[in-house]
Every structure is written in structure tokens, then in C-alpha cells.
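Visitor: kindly return the folded structure for what I paste below:
(2 chains)
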Amino acid sequence: MPEPSAGATLELRDVRKTFGAVVALDSASLVVRPGSIHGLVGENGAGKSTLVKIVAGVHHRDSGELLLEGRSVDFSSTAESKAAGVAVIYQEPTLFPDLSVTENIFMGRQPLAGGRRIDRAAMYAEAERLFSRLGVRLDPRRPAEGLSIADQQIIEIAKAISLEARLLIMDEPTAALSGVEVDRLFAVARSLRDEGRALIFISHRFDEVFSLCDTVTVMRDGRYIATHPVAETSVDQTVALMVGREVGDLFPKTPATIGDPVLSVEGLTTAGIFHDVSFEVRAGEIVGLAGLVGAGRSEIARAVFGVDRYDAGSVRLRGRPVPPHNPRAAIRAGMAFIPEDRRKQGLVTNASVARNVAGVIRSSLSRAGLLAPRAESRAAGPWAGRLEVKTGALDMDAATMSGGNQQKVVIAKWLATKPSLLIIDEPTRGIDVGTKAEVHRLLSELAGEGLAILMISSELPEVLGMADRVLVVCEGRLTADIDRADATPETVMKAATRALETRR
Amino acid sequence: MSETSTRPGTPPAGGDAPAMTRPSSMSTVSRVTTTVLRSREIAIALVLVAVIAAATIKTPSFLFSSNSWRDLLLTPAILMLLAVGQAVVIITRNVDLSVGSVLAITAYLTGRLFVDNPGIPMVVVFLAALVVGAALGLVNGLVVALGKVPALVITLGTLYIYRGIVLTWAGSNRINASDMPDGFLALGTKQVLSIPVLFLIAVAVLAVVGYFLYTSRSGRDMYAIGSDPDAAELYGLRVRSRLVGAFVLSGALAGLSGVLYAARYGTISSGAGTGMELQAVAAVVIGGVAIFGGSGTVWGAAIGAILLVTINRALPILGIQDFWQQAVVGALILGAIILDRVLSARRTRKLVEARDAS
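Guide: A predicted model of the protein is given here:
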């Protein structure tokens, strides 16, 4: 627990939040003082964003205390938190594209003239005043559509200032900004601090946290870990606190014989997303693709499989080139792709297990263009059995199954195509711990049979426990290729933030 | 923006500031003039003038005969009312398909009130229709806002339910002009300073709703909700009550147009107003209201309604066959949507360029 303090702007004590069976926030504590910029760091999934949403009134906490300027508060909507003086700037600003910049700032609390009519002249004048104070040049009458992310964030900050917000939370505001834009944002943040407001700054970039913040709090697995004044800690110490846990025997990775290269990617580039990405995946090998959320991992996978276009580079499977932007050709060549959001992209949740499993090989099952349910069941049976999908029968709807079983159905579906390469994005997201191990065991077994697996994961223990080799992506570039033996939380995290440290 | 901030810690506005869109340097008068001249409303009005001009050149009596000026304004009045209500609903990224059936209910209600209560004051009839229309709109609004079901599905359902109510109620009965007082029927054709009263009512409603949408917080909320519903929630706007409000307004205006329908046509059967909902949606789209909400004005929707009705009257005069008349209306809708896409793509590009320049 951080030391409680009289006069803190925001104080959280043991706040807990669960979504169904998933614990998003276990016991979060935080003390933010006025006139301070407080850094909040932690791995993906450490609970930072959930914490922000609880303070903002988007989510409601299950237990724990939330104090704003010493008073216990209980927000049930964003309107209430706003009224109490909390302003949040999300990574992706949420503006109304059709409305003018000024209306975006004052929506819902426009200055009124007689008869409760909106006083537009006063509104525009106030917007001009805010912009000149922030030192930006923006036409208050232009629509918000087409503004850069940086300018959209300025609108959000102008909104926060006009709200007289006492607490300003910035959730990864710099992710999409250029160097100059970051400097401008920081200057604004410091001037707000000097006025005595409290700021929370969430970022994965340690150089930014250490140059902007005066205090830093580390979170891990939904828990409060430690708070230090920036002057008394270091990047290394903070990283150690962030990852600080042992990779246990949770991951039943069995060694497999590594064979010939199956997938070779050369110089893959899509402007603005990823650059010059080259790597290989060999038969029997599990390659982990690690990195921060938004680093471009999923985008690389989607381009390799042909869902998205790429500007340059080549993809070869077992030596033969795979045509770009053609997932059907990729499947025929022997690729299988299990996307992150299986409900949206991988599984027809309203259809039976058999239909799902048989879906990708439908053309080879159909006779004269007709598809018999019996043929589907015949083809699906062995696969589902082998994966121990626990469903009463093959005709059960996939929607009624647990996340773990759904994931297995998706894997079964792709195994039916007899692939030589499996690309799997966040294989265990949203799956309970018990079933997680089953999915891991299955992946390990498949690798043992000679399947090449490219696994994207935001969970560091999963990457370290499962992968034979870890590729680290940072801002669209491969920054490290680490062998299983050398892969530690520290080496991976360092590589995942390396470009950020050296870029400017 | 001539002053430069001198507050310590604030970056100077100037040379080293990142790319920004310069504030408008135009004067207020020239800005307003440019905005008006470039507006969609003016463009549609010009098309309307062109249609009237073409029909008048071919047959001068289209405009220059005793009744033609009256018909030009009188015929679109009812559709204008429906289009105004529909525009408000569409601005919130919803749609109200039940308005034609609501019109039928209140039109029949008007007739019944006169038949069953001889001597009933006209004001009472108007109020009754407004209240019934608003109540039917409230049903739509509550289901859409609380049930989070797409308005398209809900109002498609109530389209049939409301029509079923009037079918059951009226049966094969028909209310004729002789059942209603002359003073009421006179409303349908009466003119003040050569302008039909029904048109005046429609314009008055239009002006009030247009003013409300532009100058009240709740009106601006409706634009915000249509522009980005998720952002509206994060802003803490009262999304639900605004949605309900939009549907109540649309229902009330459909109720009012039922009374006007009775006054104008004098004969009311259970089939009154069938298909009017699609005409109202068409008028709104032609009038430049984005079908996904967030932009457009009720003024445009009203001009769209006049254009739609006038084209239907002008095409026979121009010697165009029935089939092609329908096709022209269809082309007009498609044209309006394509124009919308082109204009918004161009606007996005310009706004992005404006950002990258300077």
C-alpha cells in the first residue's frame, strides 16, 4: 500500500474489478497529489486501463475505496466523474467528427445566452482563448474530422481545462505522436501541474515517464506493487518490478526436433505500420512474437497470411512464394491463422461445432455443390475428439461453450486443413487458467509433430514458457531475436521498449 | 489569435509549433456568405428552381395559372412535416419507418372525433392528434433507447402494428368530407396572402424545429449522438432521453400531419399515408442529411420534400412516362447519396491537407 496522505487529489485503496471469471483488477492502490505528474507503468494486462476506467466512471468497482480530494466517491457514469473534476484523455481520442472543434470542447455544457439558447459567439471566443493559452493554432470553426491524433488530444486537453478538471488522466497519449508533438504535450502537462492540478500519465516509454513524472507507481497482474519518487529509482529497477515473477512449470513445453524452415519472411514492409520485417519459422518450432500492444505484431501476422496488403517484401512457405493479399492461396499453400478475437473472426458462434470445424474444408467435402451435415460431422469428429473439446455432441452451438473450448474448436477447424504453419494470435486471451494449460499442451504437442507455430502473445510468461525463440517487435521493427535459453523478462521488455528509448 | 501566450511553461505559438490549421482569417460576413453559398440546402433549392423552370417553359400553366401556385406549396406541406420529424431521427443515426401508419391513425382519429362529437373545437382535435402521435413515437423511442435494438427493425415492426390498429379500428369504414365540418375542411385549401395555410403550418414547425436543433443543448446533443454514439456516452451526454425525444418529436409531427391529411383530402380510409414513410426518408436523404447521422439540417429535408413532390408533378408535364418517373426519383436518391460520399471524401481530404500544410 502506498502511504495514505492528507490532501491527495485521488486515492485508491484495494480496488477490485472482475469481468465474469476474469480478474482485471485485484487490489489496486494509488495516491496522486495535487501539483504532481504521477507515472503509472505495468505490462500489458496489468490493469492500468481498467483502473482508469473505474476512476472515469466507465466501469463500476466491485470493492475497495475511491477517494477524490478526501471524499469517498462512487461514479456510475462518465457524466458524474466529469462533474467531480476528472478528465480522461484516452489513447484514441473520442471526438464527434461532424461537429466543429469548438462544439467538441463544449458539448453538453455550452455557454447559454437568454432563453437557454447557445451563445455561439461566447463559445468561439472561449475556444480561441483556450487554444492561445495552449499555444496552438487551430480554427475553432473547423470540423474535428481530419485532425491529427495530436490535435485531437489538444482538443481533449482544452476540454479538460475548460472543465476546470482537478485530475487529468492521460492513457498512453504519446503512442501516436511525433517527437515535436510529444514535446508540446509535455509542456502543456507541466504547465497544468504548475497550476496545482494532479496528472496521471500512463506510458510504456520509460524515457518519457522518467523525464515527465515526479512519482512512478508500478502495477502487475492487477495489483499495486510499489511507488517511488522518480529521483530515487531507475529504469532497470522499474522494469524488474514490472515483470518480477518466476516463469513456473505452468508451461508444458516439450522439446521438439527442429526441422527445415517452413515460413520465410523477407523485408516485409507496410508504410507506417511495420518496416523491413524478416524472419523464419522452422518445422517443429514455436516462435513467439512479443512486444507491446500496438507494436505491429498482429498486423505483421495479418500481412503474412494475406488478410492485409503490404507494400514490399516477400513471404515464402516451404520455399514457394505465397501471393500477397490472398488468404485463400495462403490456406492452400498450408497456412492456418487463428486471429485474436475468435468470436469475431475465427468462429461462427451460432453454428454447430461440426459446421465450424468443417467450414474451412467445405469445398473438399461438398458433392455437386451441396453440403451434407453427415459429411461435416464425419470430417469433424476425429479432430474434435483429439482436441478433447468438451461438448455434448458435435451439433452443439459453439456460442454456448467456454472460451477455452471455443479456442480448441477454432484450432480444430484449422487443423482440418492439414497446415504446415499455424499462426496464432493471443491463444489464451480470456481463457481461465486451467484451460490455458490445455491449450498450451496442445500447441506443444502439435509442434512435436512437426508443425511450425508462430505465436503472438502479450503475456510475457506465455511467450517465455512456450517459445523456442522469441522475436520482439517494437514500433513495427524487429528489435531482437532471442533464443529460449537467453530469453528473460528483462531482455524481452528491454527489446520491446528499446526503439522508444533511442528514437529521440 | 494575435496574442502569443506568455505563460511560463507554455510553448510559444509560432515557428516551431507543429503543423496546425490556421484560424480562419475571413470576416464574419464573408464567412457566413461562403457557408450559405456552399451549403447543400442551396444546391437542392437550385435543382428545385431548375425543375420548376423546365416545367414552366414547357407548359406555362405549371406556374402561371390560378391554382398552380397554390398547388406548388400545398401539395408538399404534409410530406414536409414528416420529413422534418424524420430528419431529426436520422440525425441521431436512427430511422422512423412508422410515420405513415401514425399518420393513418391520427387522420382516422380526426374524422372519428368530428363524427362522434359534433361541434368539437378544432383545437381539441389538433391536440388529440399531437398527443396520440407523440405517444406512438414514445413507444418507438423507448424500445430503441432501452432495448438497444436497431430502430430500423423496431419501427418496421410498429409500421405494421400501427397499420394493423387502424385497419381493425376503421375496418372498411371510410370517413367522407360530408362527415367533417366545413370550417375544418376549409383549412385544407385556405390561403393567407396567397400562401396556403397548410404550408404556413409546415414552415412554422420547420422554423421552430430548425431553431431548436441549432441553438439548444439538446439539439446539439442529437447531432453529437449521430456523429459518434460511443463518444456521446463517454462525454456523459444523456443519450437515451435524447433518442426518446427524437422519436416523440417524429411521432408528434406525424400525428399533426394526420390532421392536415384529413383537412386536405376530406376522405380517410385505413390505407391513408401508405408508403409515406419511405417518401419521408427519401426527402431527408435528398435534402442532404447524412443517412448515418451527425450532419444535415431540417431545412434541407424540407426542401428535399418539396423537390420530391414537385418532380412527381413536373415529370408528366415534361412528357415523361410513368415508369421513368419512378426511375427519376430513384436516380435522385442515388445521386444524393453519391454526391454525399464524394463531398465528404473531398472534405476529409481537404481537412487533412489543411492540417499537413502550413
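
Visitor: what helix or strand is A:A150 on?
Guide: helix A:149-162 (DSSP states H and E).

Visitor: and the contacts of that helix?
Guide: A:87, A:89-90, A:92-93, A:95, A:101, A:104-106, A:126-127, A:130-131, A:133-134, A:136, A:138, A:144, A:147, A:168, A:173, A:176-178, A:181, A:184-185, A:188, A:192, B:18, B:20-21, B:355 (CB atoms under 8 Å, 6 or more residues apart in numbering or on different chains). (Glycine included, C-beta is placed from N, CA and C.)

Visitor: buried ones among the residues you listed?
Guide: A:87, A:89-90, A:93, A:95, A:101, A:104-106, A:126-127, A:130-131, A:133-134, A:136, A:138, A:144, A:147, A:168, A:173, A:176-177, A:181, A:184-185, A:188, A:192, B:18, B:20-21, B:355 (16 or more other CB atoms under 10 Å in any protein chain shown).

Visitor: near residue 339, how many other residues are there?
Guide: Going with chain A. Counted with other CB atoms under 10 Å in any protein chain shown, residues neighbouring A:P339 total 20.

Visitor: please go with chain B instead
Guide: B:L339 - counted by other CB under 10 Å - has 14 other residues nearby.

Visitor: A:A240 too?
Guide: By other CB under 10 Å, neighbour count at A:A240 equals 14.

Visitor: next, the nearest residue to it once chain neighbours are set aside: secondary structure please.
Guide: Once flanking residues are discounted, A:A240 sits nearest to A:E490: 6.9 Å by CB to CB, 6 or more residues apart in numbering or on different chains. Following DSSP: H, G, I helix; E, B strand; the rest coil, A:E490 is assigned to helix.

Visitor: so what's A:E490 up against?
Guide: A:E490 touches A:V239, A:A240, A:V243, counting by CB under 8 Å, 6+ apart.

Visitor: what about A:P140, neighbour count?
Guide: Other residues within reach of A:P140, judged by other CB under 10 Å, total 23.

Visitor: so what's it up against?
Guide: Per CB under 8 Å, 6+ apart, neighbours of A:P140: A:S100, A:V101, A:T102, A:Y124, A:A127, A:E128, A:F131, B:P23.

Visitor: confidence score at B:R112?
Guide: Per-residue pLDDT puts B:R112 at 91.

Visitor: since we're on it, how many residues are nearby?
Guide: 18.

Visitor: how close does it sit to B:I268?
Guide: To B:I268, B:R112 is 9 Å away according to CB to CB, to the nearest Å.

Visitor: ramachandran angles for residue 73?
Guide: No chain was given, so I picked chain A. phi -120, psi 160 (degrees, to the nearest 10).

Visitor: I was thinking of chain B, sorry if that wasn't clear
Guide: Dihedral angles (degrees, to the nearest 10) for B:L73: phi -90, psi -30.

Visitor: neighbours of it, how many?
Guide: 20.

Visitor: ok, back up a step: so which of the buried ones among the contacts of helix A:149-162 sit within helices?
Guide: If you go by DSSP state H, the buried ones among the contacts of helix A:149-162 have A:101, A:104-106, A:126-127, A:130-131, A:133-134, A:181, A:184-185, A:188, A:192, B:355 in helices.

Visitor: I'd assumed B:A252 was in contact with B:L138.
Guide: No: counting by CB atoms under 8 Å, B:L138 stays clear of B:A252, with 9.4 Å between them.

Visitor: list the residues that contact the one residue in the stretch 101-250 of chain B that gets nearest to chain A.
Guide: Shortest the stretch 101-250 of chain B-to-chain A distance, computed as CB to the nearest CB: residue-wise this is B:G236, at 2.8 Å. B:G236 is in contact with A:S77, A:T78, A:A79, A:E80, A:S81, A:K82, A:A83, A:G108, counting by CB under 8 Å, 6+ apart.

Visitor: all helices for the stretch 251-358 of chain B, in order.
Guide: Here the stretch 251-358 of chain B has its helices, by DSSP state H, counting those that start in this stretch, at B:276-286, B:298-317, B:322-356.

Visitor: identify whichever of the ones you listed lies nearest to chain A.
Guide: Nearest of these (CB to the nearest CB): helix B:322-356, 2.9 Å.

Visitor: if I look at B:G85, how far off is chain A?
Guide: 20 Å (CB to the nearest CB, to the nearest Å).

Visitor: now do the SS call for that residue.
Guide: Criterion first, three-state DSSP; result for B:G85: helix.
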